[in-house]
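Novice: Need coordinates for the below:
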Amino acid sequence: MEEEIDYEALPACAPLHHQLMAGAFAGIMEHCVLFPVDALKTRIQSASGSNSVGLIKQISKIATAEGSFALWKGVQSVILGAGPAHAVYFATYEFSKSKLIEREDINTHQPLKTAVSGMAATTVADALMNPFDVIKQRMQLNTKESVWHVTKNIYKNEGFAAFYYSYPTTLVMNIPFAAFNFAIYESATKFLNPTNDYNPFVHCISGGLSGATCAAITTPLDCIKTVLQVRGSETVSNEVLKQANTFKRAAEAIYQIHGWKGFWRGLKPRVIANMPATAISWTAYECAKHFLVNSA
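Specialist: I've put the predicted structure just below:
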């Protein structure tokens, strides 16, 4: 009797490169499509002044002053890092889930084990992605240098540690983000699609819901992470921000300059970016899984 294959989890016999390919495809799609909104969020969070202008007006102002492609600066770093990082991300997730959940229970509702798998995935993937994220955010602050020159300058002026100043904060932010993301997504898909059929619409809605929720609740940590990542950039003129090289100093710098409201700067573009980005990521990943399972 032929074994029935369920696309929701890649088959046990599925080669590792299938998981890596599906994850890489999802990561590149997620980060590239909404890159300009992410760039706008970075500028809002790293600025020392107020940002009362609407999002559309801010985008228009930047495009007029710096050119149409100003908000695409740094996308090369994302392409270089997002593919490998998300390949590792989803492969680790699938591996952890297969170890924590019995094969016969893989289609049942397992939010806690799913969340733990997501936490393991983001811990491994962020170690690979963090340097690329630092380079990306430096380039988003109106730099005209190439990825190579930005990388070389960071290493020369600040040392190798500069690529990982924000890694602990990234983990503090992304571990709960991943836990909620996977748990909310899996719960939503189980509720909206109890038969586990391939349904891109359900994956898109579930991904958007999980992305928006997780983005909103982790915005304060994202603000701290941004300060840590851009502190060495020549476009950051505030001395308090330049000296913020630890989680505590970055948090104190934000509070000193902006007060409690400073921890919610960039909330709107972060939610706007993460809701469709997470929807795209999950939809692309499930599409790749479905294609790979059926072509195996």
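Novice: Test my guess that residue 274 contacts residue 217.
Specialist: No - applying Cβ atoms under 8 Å, one finds residue 274 not in contact with residue 217, separated by 11.0 Å. Bear in mind the C-beta positions are built from the backbone N, C-alpha and C, glycine included.
Novice: And those two? Which one has more around it.
Specialist: More neighbours surround residue 274 than the other of residue 274 and residue 217, with 30 against 13 (other Cβ atoms under 10 Å).
Novice: So that one, which state does it fall into?
Specialist: Following DSSP: H, G, I helix; E, B strand; the rest coil, the label given to residue 274 is helix.
Novice: mind checking how far it is from residue 158?
Specialist: 28 Å (Cβ to Cβ, to the nearest Å).
Novice: Also residue 244?
Specialist: On the measure of Cβ to Cβ, residue 244 and residue 158 end up 13 Å apart.
Novice: And those two? Which one has more around it.
Specialist: Between residue 244 and residue 158, counted using other Cβ under 10 Å, residue 244 has the larger neighbour count: 24 against 15.
Novice: just checking, that one touches residue 231?
Specialist: Yes - taking Cβ under 8 Å as the definition, residue 244 is a contact partner of residue 231 at 5.5 Å.
Novice: Identify the contacts common to these two.
Specialist: Taking Cβ atoms under 8 Å, 6 or more residues apart in numbering as the criterion, residue 244 and residue 231 both touch residue 250.
Novice: show me where the stretch 151-296 of the chain has strands.
Specialist: Taking DSSP state E, counting those that start in this stretch, the stretch 151-296 of the chain contains no strands at all.
Novice: Output the below-cut-off pLDDT ranges for it.
Specialist: For the stretch 151-296 of the chain, the stretches flagged by pLDDT under 70 are 293-296.
Novice: Secondary structure class of residue 85, three-state.
Specialist: helix.
Novice: what number of residues lie near the nearest residue to it once chain neighbours are set aside?
Specialist: Leaving aside its sequence neighbours, residue 85 sits nearest to residue 129 (Cβ to Cβ, 6 or more residues apart in numbering; 3.7 Å). Using other Cβ under 10 Å, residue 129 is surrounded by 26 other residues.
Novice: do the one 3 residues further on as well
Specialist: A count of nearby residues for residue 132, using other Cβ under 10 Å, gives 23.
Novice: who does the helix or strand containing it touch, helix- and strand-wise?
Specialist: For residue 132, the host element (DSSP states H and E) is helix 111-140. Helix 111-140 sits against helix 35-46, helix 75-100, helix 147-158, helix 167-192, helix 219-230, with contacts defined as 3 or more Cβ pairs under 8 Å, 6 or more residues apart in numbering; DSSP states H and E.
Novice: what is the orientation angle of that helix with helix 147-158?
Specialist: Orientation check (axes from the mean of the first three to the mean of the last three Cα atoms, to 10 degrees): helix 111-140 against helix 147-158 gives 90 degrees.
Novice: Can you report how many residues neighbour the nearest residue to residue 267 once chain neighbours are set aside?
Specialist: Nearest residue to residue 267, sequence neighbours excluded (Cβ to Cβ, 6+ apart): residue 219, at 4.9 Å. Counted by other Cβ under 10 Å, the residues lying close to residue 219 total 21.
Novice: if we can go back for a sec, verify the stated contact: the residue nearest to residue 85 with residue 78.
Specialist: No - with contacts counted by Cβ under 8 Å, residue 129 stays clear of residue 78, the gap being 9.2 Å.
Novice: now residue 278: how far from residue 87?
Specialist: 17 Å.
Novice: For these two, indicate the residue with more neighbours.
Specialist: More crowded of residue 278 and residue 87, by other Cβ under 10 Å: residue 278, with 27 against 24.
Novice: Just the pLDDT at residue 48, thanks.
Specialist: At residue 48, the predicted lDDT confidence score is 65.
Novice: Check residue 2 too.
Specialist: On the pLDDT scale, residue 2 gets 39.
Novice: What of residue 56?
Specialist: In this model, residue 56 is scored at 68, pLDDT.
Novice: now could you export just the CA positions of stretch 75-82 as PDB?
Specialist: In PDB, the C-alpha atoms belonging to stretch 75-82 read as follows (Å, rounded to 0.1, in the frame of the first residue of the first chain):
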ATOM      1  CA  VAL A  75      18.600  45.100  -0.600                       C
ATOM      2  CA  GLN A  76      21.700  43.300  -1.900                       C
ATOM      3  CA  SER A  77      22.700  42.400   1.600                       C
ATOM      4  CA  VAL A  78      19.300  41.000   2.300                       C
ATOM      5  CA  ILE A  79      19.400  38.800  -0.800                       C
ATOM      6  CA  LEU A  80      22.800  37.500   0.200                       C
ATOM      7  CA  GLY A  81      21.700  36.800   3.700                       C
ATOM      8  CA  ALA A  82      18.000  36.000   3.600                       C
END
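Novice: Fine by me, we can end here.
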